[in-house]
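[1] just to be clear, the model below is a prediction. Sequence and coordinates:
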Amino acid sequence: MKKLLLNIFALAFLLLAPQAMASAAHEPVVTEANEEVYHAKPMGQMVSDFLKRTGVYALIYPDPKEKGVHGEEISDFNKSGGRVIMILVTFVLFYLAIAKGFEPLLLLPIAFGGLLANIPVAAIAGPDGFLGIIYNMGITTGLFPILIFMGVGAMTDFGPLLANPKTALLGGAAQFGIFGTLVGAVMLSEYTPIVDFTLKQASAIAIIGGADGPTSIYVATALAPELLGAIAVASYSYMALVPIIQPPIMRALTTEAERKIKMSTLRPVSRLEKLVFPIMALTLSILFIPDSTPLIGAFMFGNFLKESGVVERLNDTLQNALINIVTILLGLGVGSKLASEQFLVPETLAIIVLGLIAFSAGTAAGVIMAKIMNFFSKQKINPLIGSAGVSAVPMAARVSHKVGTESDPTNMLMMHAMGPNVSGVIGSAVAAGVLLSIFS
Amino acid sequence: MEEVNLVWEGIKFMFLGMGTVLVFLVVMILAMNLQRIIIHKYFPEKKITIIQQQGDEKARLNKIAAITAAIIHHKQVNG
């Protein structure tokens, strides 16, 4: 009798477990029949069953039948200790976001999503949990990064770029960070036993070098969704670390005299020029590389609404309400990939190291490009603005300005650095388009 | 299955990618310069005129007087 009861409760336990829902297709009949026949339970049994559904029990005795999001096996460690470690990691991320001010707008939602995703039993990041639903709705489909790009477009002013078009080259050179890292990643997987990245995965990791969060997420979703969590976290962390990573590289590659170069004031740009530019740039990307038009199209749409000057309400919504809502959802969705079985793998460490290399290489390439351009051109440019070619708008431009004022407090580089900065966004979108086109 | 040298593939990606990005941006720079020349030649921005304000000098003074009166009145009423 006791054994029978135990069996019944074991069955009920299994059916209640959310993991069982994945295979619910042929089971609903059984579930309904079971629900109708409610067996009276002794109090002791009820309590012990309930205890088995507590977090403490689930963390100590992992459910052997629990499967990952895609039905894959999860090691016992990743269901117990791994989850505790990941929850502690999210606490560190909270600290970085709140106390250190590292991109709190994104890091907080991501970290909280990570916290929720590592809760045992509840399966919030599972296909039926709310994080899973957010993820499938906006990230699997690539929708959220696109919406973010609309908002970023509405916030971008192409004036400085239009006033000094040649600075766009700096934004192009900085994309070397992406492709240099791609080579680095495949070398790492070819010649070392630590990791084994495919070309697709290497490409998705390399895009971190563009220092453009939405683009990284967009590409990772398309090429290597299994690495999305690590890529997004690395990408946004490095964007937050721009003021720490970039200045030493910039100082190492420039001389004091170069840092003191003054640039002439930018010419005023007419409204019509600003209005025509988004359409012109979109046309070029249509002709050159249509694979990049989802990103560039959304970007230019936002910018066009802003520059048109007749849809102030829409412009305002893009810049504020829409981008804020999407940021919350994007953060939570990315955070759901911080589940321990996906994050606590050797690849994550490799991604974080490669991301740093990507970022540094991009910064260096931008500075070196500026020096090369000075070699050929009479109108000198300050090589410090080259580092702003990595997107990270407007943080990278601010860093250029700040390092510039250290050498000469009267040198105003901010507006000059915005040119490479916004062209860096276009450059990384084009680079993303190239990578996507190779694999399509 | 043929053995693919991933590193060589990666280097090929690099040339294709950097080439595309730089060509795209160079064409964009040329287009921006062309755009500037065309716009400045055929659609120059109109200078904002400030002339009309001078004629309204009297109206402006009247307005100031009215506002001043209103403020004084408001202060008197509310103590």
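    Perfect, I can see it now.
[2] show residues contacting the helix or strand containing A:L115.
    Using DSSP states H and E, A:L115 sits within helix A:104-117. Helix A:104-117 is touched from outside by A:86-87, A:89-90, A:93-94, A:96-98, A:124-125, A:131, A:213, A:229, A:232-233, A:236-237, A:240, A:327-328, A:330-339, A:343, with contacts defined as CB atoms under 8 Å, 6 or more residues apart in numbering or on different chains. All C-beta spots, glycine's among them, are computed from the backbone N, C-alpha and C.
[3] spell out which parts of chain B neighbour chain A.
    For chain B, the contact set with chain A under CB under 8 Å from any CB of the partner chain comprises B:5-7, B:9-11, B:13-14, B:16-18, B:20-29, B:31-33, B:35-36, B:39-40, B:43-45.
[4] just to revisit the earlier point, are any of the contacts of helix A:104-117 buried, and which?
    A:86-87, A:89-90, A:93-94, A:96-97, A:124-125, A:131, A:213, A:229, A:232-233, A:236-237, A:240, A:327-328, A:330-339, A:343 (16 or more other CB atoms under 10 Å in any protein chain shown).
[5] distance of the nearest residue to A:A222 once chain neighbours are set aside relative to chain B?
    With sequence-adjacent residues excluded and distances taken as CB to CB, 6 or more residues apart in numbering or on different chains, A:A222 is closest to A:L436, at 5.9 Å. Using CB to the nearest CB, to the nearest Å, A:L436 is found at 11 Å from chain B.
[6] what's the longest helix in the chain?
    All of this is about chain A. Counting residues, the longest helix in chain A under DSSP state H turns out to be helix A:346-376.
[7] you answered for a different chain; I wanted chain B.
    Counting by DSSP H, the longest helix found in chain B is helix B:6-42.
[8] for the chain, which spans come out with low pLDDT?
    Looking at chain A here, since you left the chain open. A:1-36, A:69-71 (pLDDT under 70).
[9] nope, chain B
    Low-confidence segments of chain B (pLDDT under 70): B:1-3, B:47-56, B:79.
[10] would you map out the domains in it?
    B:1-45, B:47-79 (automatic domain parsing).
[11] output those domains as TSV; include the columns mean neighbour count.
    Listed next are those as TSV, based on neighbours: other CB atoms under 10 Å in any protein chain shown:
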stretch	mean neighbour count
domain B:1-45	15
domain B:47-79	9
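[12] want to throw those domains into CSV with distance to A:G386?
    Converted to CSV, the domains of chain B look like this (distance: least, CB to CB, whole Å):
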stretch, distance to A:G386
domain B:1-45, 14
domain B:47-79, 36
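[13] who wins for proximity to A:I207 among the ones you listed?
    domain B:1-45 (10.4 Å; CB to CB).
[14] residue boundaries of the strands in chain A?
    Assigned strands in chain A: none (criterion: DSSP state E).
[15] before we move on, the earlier item: which helices and strands sit right next to the longest helix of chain B?
    Under the contact criterion of 3 or more CB pairs under 8 Å, 6 or more residues apart in numbering or on different chains; DSSP states H and E, helix B:6-42 touches helix A:159-163, helix A:168-173, helix A:176-191, helix A:199-206, helix A:271-288, helix A:414-439.
[16] give me the subset of the buried ones among the contacts of helix A:104-117 that lies in helices.
    A:86-87, A:89-90, A:93-94, A:96-97, A:131, A:213, A:229, A:232-233, A:236-237, A:240, A:327-328, A:330-335, A:343.
[17] how close does the closest residue in space to A:G138 that isn't next to it in sequence get to A:T265?
    Nearest non-adjacent residue to A:G138, counting by CB to CB, 6+ apart: A:F144, 3.9 Å away. Remark: distance between A:F144 and A:T265 (CB to CB, to the nearest Å) = 39 Å.
[18] what do you get for A:T327?
    Separation of A:T327 from A:T265 (CB to CB): 35 Å.
[19] equivalent analysis for A:L228, please.
    44 Å.
[20] the two: which has the busier surroundings?
    A:L228 (24 against 10; other CB atoms under 10 Å in any protein chain shown).
[21] that one against A:T221, yeah?
    Yes: applying CB atoms under 8 Å, one finds A:L228 in contact with A:T221, separated by 6.3 Å.
[22] how about the residues of the stretch 201-350 of chain A by chain B?
    So the stretch 201-350 of chain A meets chain B at A:202-203, A:270-273, A:276-277, A:280-281, A:284-285, A:288-289 (CB under 8 Å from any CB).
[23] report the buried members of those residues.
    Looks like these have A:202-203, A:270, A:272-273, A:276-277, A:280-281, A:284-285, A:288-289 buried, using 16+ other CB under 10 Å.
[24] need the residues touching each of A:L228 and A:T221.
    A:I139.
[25] the closest residue to A:L332 other than its chain neighbours and A:A224, how far apart?
    Leaving aside its sequence neighbours, A:L332 sits nearest to A:G113 (CB to CB, 6+ apart; 4.0 Å). Applying CB to CB, the value for A:G113 to A:A224 is 19 Å.
[26] the more surrounded of the two?
    Comparing A:G113 with A:A224 by other CB under 10 Å, the one with more neighbours is A:G113, at 29 against 21.
[27] for the stretch 51-200 of chain A, what lies in contact range of chain B?
    A:161-162, A:165-166, A:168-169, A:171-173, A:175-176, A:178-180, A:182-183, A:185-187, A:189-190, A:199.
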